[in-house]
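# give the three-dimensional model of this entry:
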Amino acid sequence: MDQDRELIELSGTIDSVIYKNEENGYTVLRLRDENDESVTVVGCFPYASAGESMIISGGWMTHSVHGRQFKAEFAQRLMPSGEKAIYSYLAGGAIKGVGPATASLIVSRFGDKTLDVIESEPERLCEIKGISPTRAEQISKSFRRQAGVRRLMEFVCSFGLRPILAMRMYKYYGDKALALLRDNPYILASAHIGGRFAEADSLALEMGVEGNSRNRVNAAVIFELSHNSGNGHCFIPREKLAAVTAELIGVETEEADESIEQLIEGGQLMYEEIAGCRACYLPELYEAERDAAEHFAHMCARHFDEEADTASLIEKLEKKQGIKYAALQRQTLELALKNQIVVITGGPGTGKTTSVRAILAMFDRLGIKTLLTAPTGRAAKRLTELSGQEASTVHRLLGAKFDEEGERVVFSKDESDPLDCGAVILDECSMVDITLMDALLRAIPAEARLIMVGDADQLPSVGPGNVFSALIRSGVVPTVRLTEIFRQNEGSRIVRNAHMINKGEHPDLSENAGDFFRLRRMQAASSVETISELCSVRLPGKMNIPPCDIQVLSPTRRGELGTVNLNRVLQETLNPRSAEKKEKLFGELVFREGDRVMQIRNNYDIMWHSEDNSQSGTGMYNGDIGQISSIDMEAECLTVNFDGRLASYGFDSLLELEHAWAMTVHKAQGSEYRAVILALSASSQMLMTRDVLYTAVTRARELLIMVGDDQTAYRMIDNFRQSRRYTALRVRLRKLCGVQ
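Here you go, the predicted structure:
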């Protein structure tokens, strides 16, 4: 709306809500104005319900489809008063668990005092036949929550910020949220709320915080460290931290450095000069890196004097498994027998799985109880299938949960209550960041062995640090690098081309044969059409590969060949709208029964149960993939089936899900799929790298199809860009082990 145009004021009562978006508060409603005329109003009205009175400021506009509408810029909302308005409000479904019949009974009993009773005297609702004390409390709780969220949303919206931030604030802080936000606007930028620093800063400045106030500069310093931890850094050099902070908020570098000094003195930052670098850490990352280095150093120094005849033991294992171990695999067994920690790395087809099975069999023969774990649910499932023994995610193994404030993750397993085992085998180690690694090390018994398995040439962890690579490069951890491609994999072009890519060589992409194909498409639109056809017709019809066994990957989320657009197209192709399928609109997404979806952040509170109700538990983890089995519009929730585990999501929790027919290569780490279709799309140089392509290719088990331009693949191979991460784990470990 033109800011110079004078705003018009409109007042009335909501007749009905036509459309509402829980994510951003956008609402279309019918308002009965003072002249008793019905007006269509659009704007941000979170939790708007029939019966509310409103005073709105805005202006008239003409929509190309829906005609004349009043677009609201600001709104003052009043709870309904009078029996008729209160009945309309309750009967319209404003409060969970109250429909027209119950609304009529409540209003008949309490009249215009109804809302006061619901909020402050819920026990009086039990005077109505059919309302139990439990139900009365649930009705009151729903009303109080809605009122609190609405007040918070109105405050947030009045500053032009996203309403979803208010939802998260209320989730973590309840009725204290508004007071906390007024006291410290920068709480919006904390990791558990997920707001951008720019949003929190905008709010703070509008609330009167000075541009160079110490609180503002301190918040900017913390933000820069936190933001860069998401880029893989454990610390930032002090001079660089001061410079980027000053640039971010437009203050002098000296002022930023003064804030750094103050934060160090107050213990909010940790400072250490290490390897010639003046390193500034967030306290939790400093402790994780330091403690992990100490644990690793102790393990490197610990050796076992096993009396077992190694040669005889290996011979018995070979006979039992019906194979002959290669020289490096025999060396792996010998190292695992004698050392407390061993690292095994290698590319596809080099025998990592065979080595894990052999170590597991050896430990079993020696009576050593072994736990198997991996960083993601899909990686743990794959490890279970390959080893024949149950594996779990690291988070589930350690009993991850939120603390009482709901702000940070804590683990039930640690030094005071260690894991019950004599050995741990950790797969897909390249994905494990420093904080998760530290948590696992704390929970491993002092005498237990640790076998770390992974591919060091894959993408590093999304979180801070580069643990697996640091251990290998340290030169102090017993390490086996498997290099031989075994006979059963020699004919696989996936394996052969993956090794060529890793060496920087260009495979012949015109050779369409075996398990590796390239479909050359020069235009993004034709690539999208081809990918859709492959998933829906060609692979299911010609190769008997159902859509559920096909995974589309892309380096990026954006653009025509990004995952956002590909998921939209594949949803309409593989799970189109139908009268038999319920669906829920959430922001720009439509969640539909039958959709393939992915959990996109760790949530330790989500409850799940098995399909036969024989098992139950809590926690769904970043990367878990499932299918929407049902949507309940009355209960305002949907149920997702994660490989036999059923989890329920309220409509206000749908930010934790996204569609998963297509996913980024980063999200696919640790997983393996029967068939992979890789969308070759030009993107930022940060994403178009050799390790991204290598990781994508190695996700395919039976079939890989590249769709796009060959030159994009060759440019990725040539772009051996490995961004430097600020982490001192390797330096600390070498120093603790007495190596210069």
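
# ok, the closest residue to residue 449 other than its chain neighbours - contacts?
Among residues not flanking residue 449 along the chain, residue 423 sits closest, at 4.1 Å (CB to CB, 6 or more residues apart in numbering). (Glycine included, C-beta is placed from N, CA and C.) Residues in contact with residue 423 (CB atoms under 8 Å, 6 or more residues apart in numbering) are 363, 368, 369, 370, 371, 448, 449, 450, 451.

# for this protein, which element, helix or strand, carries the lowest mean pLDDT?
When the helices and strands of the chain are scored by mean pLDDT, DSSP states H and E, helix 487-490 comes last with a mean of 59.

# right, and the helix or strand after it?
Next helix or strand after helix 487-490 toward the C-terminus (DSSP states H and E): helix 493-503.

# quick check: buried residues in that following helix?
By 16 or more other CB atoms under 10 Å, the buried positions in helix 493-503 come out as 493, 494, 495, 496, 497, 498, 499, 500, 501, 502.

# try stretch 95-110
Going by neighbour count (16+ other CB under 10 Å), the buried part of stretch 95-110 is 95, 96, 98, 102, 103, 105, 106, 107, 110.

# where does the stretch 551-700 of the chain dip in pLDDT?
Counting by pLDDT under 70, not a single residue of the stretch 551-700 of the chain qualifies.

# rerun at 90
Residues of the stretch 551-700 of the chain meeting the criterion pLDDT under 90: 557-558, 579, 584-589, 600-624, 632-637, 643-644, 650-656, 667-672, 681-689.

# for it, just list every one of the helices.
Applying DSSP state H, counting those that start in this stretch to the stretch 551-700 of the chain gives helices spanning 563-574, 665-668, 690-697.

# so which of these is the most surrounded?
helix 690-697 (a mean of 24; mean count of other CB atoms under 10 Å).

# run the chain-centre distance for the helix or strand following that helix.
Once helix 690-697 ends, the next helix or strand along the chain (criterion: DSSP H and E) is strand 700-708. Distance of strand 700-708 from its chain centroid, counting by CA atoms, centre = their mean, to the nearest Å, is 25 Å.

# buried ones in whichever helix or strand comes after strand 700-708?
Scanning forward in sequence from strand 700-708 by DSSP H and E, the next helix or strand is helix 710-718. By neighbour count on 16+ other CB under 10 Å, the buried set for helix 710-718 is 710, 712, 713, 715, 716, 717.

# ok, these vs residue 312, which is closest?
Nearest to residue 312 among these is residue 717, at 46.0 Å by CB to CB.

# so who does the closest one touch?
501, 504, 505, 506, 690, 693.

# against residue 714, how distant is the fourth one?
If I follow you right, that is residue 506. For residue 506, the distance to residue 714 (CB to CB, to the nearest Å) stands at 5 Å.

# same check on the first one?
Separation of residue 501 from residue 714 (CB to CB): 10 Å.

# may I have the phi/psi pair for residue 161?
Per-residue torsions, residue 161: phi -100, psi 170 (degrees, to the nearest 10).

# residue ranges with poor pLDDT in the stretch 151-300 of the chain?
For the stretch 151-300 of the chain, the stretches with pLDDT under 90 are 151-180, 182-184, 186-200, 202-204, 206-215, 219, 226-227, 230-231, 275-276.

# list phi and psi for residue 440.
Taking degrees, to the nearest 10 as the convention, residue 440 sits at phi -70, psi -40.

# which residues does it contact?
So residue 440 contacts 373, 394, 397, 398, 424, 426, 432 (CB under 8 Å, 6+ apart).

# apply 7 Å and report the result again.
The contact partners of residue 440, by CB atoms under 7 Å, 6 or more residues apart in numbering, come to 394, 398.

# and what of the one 3 residues further on?
Shown here is residue 443, whose contacts under the criterion CB under 7 Å, 6+ apart are 398, 411, 413, 414, 418, 419.

# any chance of the residues you listed in a markdown table, with distance to residue 594 and pLDDT too?
As requested, the contacts of residue 443 are exported to a markdown table (distance: CB to CB, whole Å; pLDDT from 0 to 100):
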| residue | distance to residue 594 | pLDDT |
| --- | --- | --- |
| 398 | 34 | 93 |
| 411 | 36 | 90 |
| 413 | 37 | 94 |
| 414 | 41 | 92 |
| 418 | 43 | 96 |
| 419 | 39 | 96 |
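
# thanks a lot, see you next time.
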